[in-house]
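**Student:** Got a sequence here, can you model it:
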Amino acid sequence: QVQLVESGGGLVQPGNSLTLSCAASGGTLDYYSIGWFRQAPGKEREEVSCISHSDNSTYYADSVKGRFTISGDNAKNTVYLQMNDLKPEDTAVYYCKGFGLDYRDYWGQGTQVTVSS
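**Tutor:** The predicted structure is shown next:
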């Protein structure tokens, strides 16, 4: 069974950068889109970015626009989220979700990002 696996989270100081990766394991995920979501303690999960497989069109939440960049490497079946100028309010568990060609959602297990001085 194909699963998505996130990596790249960690503890960083405000203003620094991190790059998250979302890779398929157990096979190749054929997908329409891959999205990055985050959930902070006590808050609902929110979508921060998404990329379409067909035309690489992207979406960004207003809170991350201009700071985060989503990109995909089809050869590696991996999607990245480059996060610059991180702020304490970016602290959350980050999840990737693939919307497969089988119309199913594939969620990763999440990776913690903590922005603190």
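
**Student:** Can you tell me the element the residue nearest the centre of the chain falls in?
**Tutor:** Nearest to the mean C-alpha position of the chain, by C-alpha atoms, centre = their mean, lies Trp36 at 3.1 Å. Using DSSP states H and E, Trp36 sits within strand 31-39.

**Student:** How about residues contacting the helix or strand that that strand is followed by?
**Tutor:** Later in the chain than strand 31-39, the nearest helix or strand by DSSP H and E is strand 46-52. For strand 46-52, contacts defined as C-beta atoms under 8 Å, 6 or more residues apart in numbering pick out 32-39, 57-61, 63-64, 68, 70-72, 79, 81, 94. From N, CA and C alone the C-beta is placed, and that goes for glycine too.

**Student:** Report the strands that pair with strand 46-52, each with its relative direction.
**Tutor:** Applying DSSP bridges to the sheet, strand 46-52 is found paired with strand 31-39 (antiparallel), strand 58-60 (antiparallel).

**Student:** so which of those strands gets nearest Thr114?
**Tutor:** Closest to Thr114 of the strands paired with strand 46-52 is strand 31-39 (C-beta to C-beta; 11.9 Å).

**Student:** buried stuff in that closest one?
**Tutor:** Judged by neighbour count (16 or more other C-beta atoms under 10 Å), strand 31-39 contains these buried residues: Tyr31, Ser33, Ile34, Gly35, Trp36, Phe37, Arg38.

**Student:** Kind regards, and thank you for your time.
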